[in-house]
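J.: Let me see the structure of the following:
(chains A and B)
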Amino acid sequence: MKRLILGNEAVALGALEAGMSFFAAYPITPASEIMHVLAEKENGIVFIHAEDEIASIHLVIGGSLAGRKAMTSTAGPGMSLKQEGIGLAQMMEVPLVVVNVMRVGPSTGMPTLPSQGDVLQAAHGSHGDYHPIVFYPSSVEECYRYTIEAFNAAEESRSPVVLLSDGFLSHLAETVDLDKTRVEVKPRTLAPLGQGRRHFTGLLAKDGIPRTKDPATYREWSARIKKKMSDAAANYRFHEYHKNDASDTLIIAYGITYRVVLPLRKQYSIFKPIRMFPLLEDEIRAAAAAHKKIIVVEMNDAQYAGKIQGLLKRDVLSLPILGGEINLREIREGLHEL
Amino acid sequence: MSYKDYIKWDRMPSTWCPGCAIGTIFKSLAFTLEKMNVPREELVVVSGIGCSGRAAGYFDCDSVHTTHGRAIPVAEGIKRANPALTVIVFSGDGDLVGIGGNHFLHASRRDVNLAVICINNGIYGMTGGQMAPTTPLGEKTLTSPHGTLFFPLNIQAVATANPRHFYGRCSTYQINHLQKVLKEAIEWPGFAFVDVMAFCIENFGRRLGFKNGHEMLFKIKADFKMNPAPAGRLADNELGVVKHDGPDR
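T.: Reported below is the predicted structural model:
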């Protein structure tokens, strides 16, 4: 059945479709509608309106350990607070999904306006080295689809997966027929608490025994985690590529920015990464090889452009769209000036 | 199951210093579990950070050693996801009522069915002996070298602020009482907080002039009196239980 729904509603419905049965969050603009939808009793899930953002991520860790697919949702300020729990879930290898609906920061910034300023935070927000899987849809239908995929990736990688959205996409209403979006749902991979002898800890540990002064164990752990994440991510190479043979310029854009630049595909090649991290190295290298000029258009100050430049080891231009306002005219003018 | 079956003996000796109070409380919990005959498959122990936080890894059951202050929300998540589990939080005062204070306020307000055991030694022991929210007024610590300027947190007042509540104050000396209260707390159908008067010799007591843990233990014996039937609340030097099985939510 076709319905008119918001991006945030699609995220909530996608989570339910994926089999999520545990949700904890704290109200925050522009992510709150995800909570509102999930608070309804008929969903039959454990729903907790937590006392704060830190509690909600840790509640979700507990819920997942005890056997339920679990999710929390937030926006920038809350994402900063959740970083502690995201690191813990990485270390304890707990599958869960964290939704971050990006708004203009730093700090309270411009709470109701869209941004893509938390892209690097999604990959590097918690302290220490880790290699998270991050998805970023760009339509309401994709919000639904990639929420389900985020749960699948979380199970397959046994790690917290970040689903990015933005203040525009979250409140964008589109007509979609979710019955036609078919995504295979992966089963649980973590045996629930109650097996008897396992110890989950945020410390570096081997077989449940802390090894806090042993560099060799750390290096072994680090190599294993890196391989685990890259093996799991290999099954989620989501992207879109519109090649324009007449153009020597490749535009890289994602999320709502991709939607805005899409009409320019008549003049330029356009690449949209949906799996933002780990970087789609092969796909981006292949697309870049056919173009002289690479321009990243994004609602932040060259966060992803820096990553792409590091990957390609060649000049990458940046067109930052700052302050929460985005329109095609401004982007067209900006591209001419570059 | 014997109390011995609840302990991972291959993890011994523990990380705790000679003369530490935590071992007594740790073993008292194992004795309590034996008395209650809790099956290993139904038991989960959750801890935070600090010396007491290491206890989770020493219990021979599924256990979770969380980040600093977050034992209560992780435990609440576990209990809400699977109410059939017996979920016990075993952590320190700095962890539970300092950095984790907000979770204590709200998990008790939501009356989650958890037993929270607070090893209250009045100091941040693991990090070297800094002032805790429970450090007595005027005591010298690394971060209050001229004596603390603040009254310690009134944990009893916070724990009993809600219509339904269970607050037990025990000591490392009176272990029969401790085990009795632990059992009652685990059986309590809601949020139960057990505040165990403990001590830290290495990073607190020595600076105060105590020669060994034994002297600190006997100070607790001398300082605290049992009150079997407190009228409303326990005085600061009393051990006992204040509880109210109020209206259900």
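J.: Just the closest residue of chain A to chain B, please.
T.: Chain B sits closest to residue A:62 of chain A, with a gap of 2.2 Å, by C-beta to the nearest C-beta. C-beta coordinates here come from the backbone N, C-alpha and C atoms, glycine included.
J.: How many neighbouring residues does that residue have?
T.: Around residue A:62 there are 32 other residues, counting by other C-beta atoms under 10 Å in any protein chain shown.
J.: With the one 4 residues further on instead?
T.: Summarising burial for residue A:66: neighbours were counted as other C-beta under 10 Å, giving 29.
J.: is chain A contacted by stretch B:188-206?
T.: No - judged by C-beta under 8 Å from any C-beta of the partner chain, stretch B:188-206 makes no contact with chain A; its nearest approach is 13.5 Å.
J.: no wait, stretch B:113-123
T.: No - figure legend: stretch B:113-123 not in contact with chain A (C-beta under 8 Å from any C-beta); closest approach 10.7 Å.
J.: from the middle of its chain, how far away would that stretch be?
T.: Averaging C-alpha positions (C-alpha atoms, centre = their mean, to the nearest Å) puts stretch B:113-123 2 Å from its chain's average.
J.: Can you name the residues in contact with the helix or strand bottoming out on mean pLDDT in chain B?
T.: When each helix and strand of chain B is scored by mean pLDDT, DSSP states H and E, helix B:206-208 comes last, with a mean of 93. Applying C-beta atoms under 8 Å, 6 or more residues apart in numbering or on different chains, the contact partners of helix B:206-208 are B:129, B:139-141.
J.: Stretch A:83-92 now?
T.: Identification of contacts with stretch A:83-92 by C-beta under 8 Å, 6+ apart yields A:54, A:57-58, A:60-61, A:64-65, A:94, A:96, A:98, A:121, A:125-128, A:130, A:132, A:159-160, A:162, A:200-204, A:225, B:64, B:66-67, B:70.
J.: Could I have the CA atoms of it written out in CSV?
T.: In CSV, the C-alpha atoms belonging to stretch A:83-92 read as follows (Å, rounded to 0.1, in the frame of the first residue of the first chain):
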residue,chain,number,x,y,z
GLN,A,83,30.4,7.7,22.0
GLU,A,84,31.3,6.1,25.2
GLY,A,85,28.8,3.3,24.7
ILE,A,86,29.6,2.9,21.1
GLY,A,87,33.2,2.2,22.1
LEU,A,88,32.0,-0.3,24.7
ALA,A,89,29.8,-2.1,22.1
GLN,A,90,32.8,-2.2,19.7
MET,A,91,35.0,-3.7,22.4
MET,A,92,32.4,-6.2,23.6
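J.: how about low-confidence regions in the chain?
T.: With no chain named, the answer covers chain A. Within chain A, no range satisfies pLDDT under 70.
J.: Correction: the question concerned chain B.
T.: Applying pLDDT under 70 to chain B picks out residues B:248-249.
J.: Let me see the contact set for the residue lying farthest from the centre of it.
T.: Within chain B, residue B:146 marks the point farthest from the mean C-alpha position, 27.8 Å out by C-alpha atoms, centre = their mean. Counting by C-beta under 8 Å, 6+ apart, residue B:146 touches residue B:140.
J.: Would you mind naming the helix or strand containing it?
T.: According to DSSP states H and E, residue B:146 maps onto no helix or strand at all.
J.: can you tell me how far it sits from residue A:111?
T.: Relative to residue A:111, residue B:146 is positioned 44 Å away (criterion: C-beta to C-beta, to the nearest Å).
J.: do residue B:9 as well
T.: 54 Å.
J.: Neighbour count for those two, which is higher?
T.: Per other C-beta under 10 Å, whichever of residue B:9 and residue A:111 has more neighbours is residue A:111, with 16 against 9.
J.: Kindly indicate whether that one is helix, strand or coil.
T.: strand (DSSP: H, G, I helix; E, B strand; the rest coil).
J.: Chain neighbours aside, what residue packs nearest to it?
T.: Spatially, and ignoring its direct neighbours in sequence, residue A:111 is nearest to residue A:29 (4.9 Å; C-beta to C-beta, 6 or more residues apart in numbering or on different chains).
J.: Next, that neighbour: secondary structure please.
T.: Under three-state DSSP, residue A:29 comes out as coil.
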